[in-house]
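S.K.: everything below, folded, please.
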Amino acid sequence: MKNIFISLDLVGFLSSLLCAIHCGGLPLLISFTSFSGLGYLNNPWIEITLILFSLNIASYALIIGYKRCHHRPLALIIVVIGFVFILFGHTSSSEWFEIAFSTLGAVAIASAHFVNWKYMRYEYLKKSTN
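M.R.: Just a heads-up that it's a prediction; the model follows:
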């Protein structure tokens, strides 16, 4: 069971980093290069899909990790802050605020998965040495 949650944290971490690259890098890539044909990636449905995927993975992995393993709320606090940043970014009127806050939110979510993974690893190592 431990491997499932560590794998979910890895999937959540990587999907959040993908989201951060999508949110922060794609507008710059399209603006400053000849990749204007990649405009289809700036589709709201792709963003919604990435956000919902990330929300589902984070909800499952972090809540189960908190309840069953480490009982430390830091990862949950970080992930909530991350999703609040994303929500703020998507509801702001400025495109630059959307890029900045969505990218910060995605990095926060990836950080929450990393914190959860470290906590779970610590608890596993603590139990295995006893």
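S.K.: give me the buried positions along stretch 93-113.
M.R.: 98-113 (16 or more other C-beta atoms under 10 Å). Quick note: C-beta positions are derived from backbone N, CA and C, even for glycine.
S.K.: among those residues, which are located in helices?
M.R.: In this view, the buried residues of stretch 93-113 that belong to helices under DSSP state H are 98-113.
S.K.: where does the chain have its least confident helix or strand?
M.R.: Every helix and strand in the chain was compared by mean pLDDT, DSSP states H and E; the lowest is helix 26-32, with a mean of 63.
S.K.: what's the mean pLDDT across the helix or strand following that one?
M.R.: Later in the chain than helix 26-32, the nearest helix or strand by DSSP states H and E is helix 44-65. The average pLDDT for helix 44-65 rounds to 86.
S.K.: now stretch 119-130
M.R.: 81.
S.K.: now swap in stretch 75-91 and tell me
M.R.: Mean predicted confidence for stretch 75-91 is 94.
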